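Participant: Got a sequence here, can you model it:
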Amino acid sequence: MKLRRLTKRTLDAGLGMVGLQLVKPGLDFDCRPTGHALDRMLTALADTFDCWQAEASVWPLQSATDTVAQVRVFYDAYLASPFRDPSGGSRFNNLLWLYLLAQVTQPSLVIDSGTYRGASAWALSTALPRCPILSFDIDLAALAYRAPGVTFVQRDWADFDFTGHDLSRALAYFDDHVDQGRRLSEAASRGIPWMVFDDDFPVTSFALITHDGFALPKIEFVLDEKLSDASELSWVSRGHEIRWPIDQARLAHLRSLVAATDRLPNTSLITGIHQTPYRLVRARPRRAQLFDNTRVEECS
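Facilitator: Sure thing, here's the model as predicted:
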């Protein structure tokens, strides 16, 4: 302990000479409402979900029961979880949506692509303790918590043999920084009907999370009719300009796989945690894909 304090003082002194200092990073909800304000926050989150669900048509959903109580249960569980570090991975807003969506969808199987520290696997398993959940990552070294009931697999999900699993009512969650068009095509070709995409940014803000183009196209690009007149997208990353050629034929094919889509409500102003809301997709049945490669039904 004394050595640690001495080391910190030495570092502080050195950093102070150049106008810097060591600051312990805060966690989500280190500063948080209590009492009346907390009740208001949890109720507002529940009301937002209930209002969205009442009008949602992208997936077949079961009726939620006492959403306020469910939000409170998840909030308390999140405070006790190892996933409150805002520096990377999923955060409260979107994890809550995963938790609530899983409950009202009741899938036959959950595919979690992009395990990282295990936050999404934890939220999904908390909602679905009796549902088989497969969590995939090409490197599980960062895994912070092995949620009970989850099978963690160190490989790309598309290389997995799903023989014996019911994919007709499967839910796939993608937060793996891979081309979202590829993930859409892979899931649809396997007959997976329901997909959730994280980091789905439009052309006005995508440059922050392109991974030098390997994470393109986003689902937003697939749905963006204004891109039909463009031949490429370009952006600057670390001082270098990068160009991504637009394959119009591929975008058209990917659109044909989408039966319905929705962007979840933004709850950032309710919690003070700012995140890009998830994109939901319902894939067209494989038989319909065979007969029509151009038309998008119910897509908004």
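
Participant: Report the contact partners of residue 63.
Facilitator: Contacts for residue 63 (Cβ atoms under 8 Å, 6 or more residues apart in numbering) come out as residue 104. C-beta: built from backbone N, CA, C; applies to glycine.

Participant: Check which helix or strand it maps to.
Facilitator: Using DSSP states H and E, residue 63 is not contained in any helix or strand.

Participant: mind listing the helices for the stretch 51-200 of the chain?
Facilitator: For the stretch 51-200 of the chain, the helices defined by DSSP state H, counting those that start in this stretch cover 67-79, 92-105, 119-127, 180-189.

Participant: Send me the first one as PDB with only the CA atoms.
Facilitator: Same thing as helix 67-79. Extracted in PDB, the C-alpha atoms of helix 67-79 (Å, rounded to 0.1, in the frame of the first residue of the first chain):
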ATOM      1  CA  THR A  67     -42.300  -3.200 -16.600                       C
ATOM      2  CA  VAL A  68     -41.400  -0.700 -13.800                       C
ATOM      3  CA  ALA A  69     -40.600  -3.600 -11.500                       C
ATOM      4  CA  GLN A  70     -38.500  -5.300 -14.200                       C
ATOM      5  CA  VAL A  71     -36.600  -2.100 -14.800                       C
ATOM      6  CA  ARG A  72     -35.900  -1.700 -11.100                       C
ATOM      7  CA  VAL A  73     -34.700  -5.300 -10.800                       C
ATOM      8  CA  PHE A  74     -32.300  -4.800 -13.700                       C
ATOM      9  CA  TYR A  75     -31.100  -1.400 -12.400                       C
ATOM     10  CA  ASP A  76     -30.200  -3.000  -9.000                       C
ATOM     11  CA  ALA A  77     -28.400  -5.900 -10.800                       C
ATOM     12  CA  TYR A  78     -26.500  -3.500 -13.000                       C
ATOM     13  CA  LEU A  79     -25.200  -1.500 -10.000                       C
END
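
Participant: Pull out the buried residues from it.
Facilitator: 67-68, 70-72, 74-75, 78 (16 or more other Cβ atoms under 10 Å).

Participant: now the stretch 151-300 of the chain, which segments are flagged as low pLDDT?
Facilitator: Low-confidence segments of the stretch 151-300 of the chain (pLDDT under 70): 287-300.

Participant: Skip the chain neighbours and tell me the closest residue to the residue most central in space within the chain.
Facilitator: Ranked by distance to the mean C-alpha position of the chain (Cα atoms, centre = their mean), the top residue is residue 198 at 3.1 Å. Spatial nearest neighbour of residue 198, excluding adjacent residues (Cβ to Cβ, 6 or more residues apart in numbering): residue 175 at 3.9 Å.

Participant: ok, the one you found - contacts?
Facilitator: 90, 113-114, 116, 120, 197-199.

Participant: follow-up on the earlier one: next, work out how far apart the residue nearest to the centre of the chain and residue 53 are.
Facilitator: 20 Å (Cβ to Cβ, to the nearest Å).

Participant: re the thing from before, thought the residue nearest to the centre of the chain was touching residue 91?
Facilitator: No. Taking contacts as Cβ atoms under 8 Å, residue 198 lies outside contact range of residue 91: 10.5 Å.

Participant: Give me the distance between residue 190 and residue 280.
Facilitator: Distance of residue 190 to residue 280, computed by Cβ to Cβ: 18 Å.
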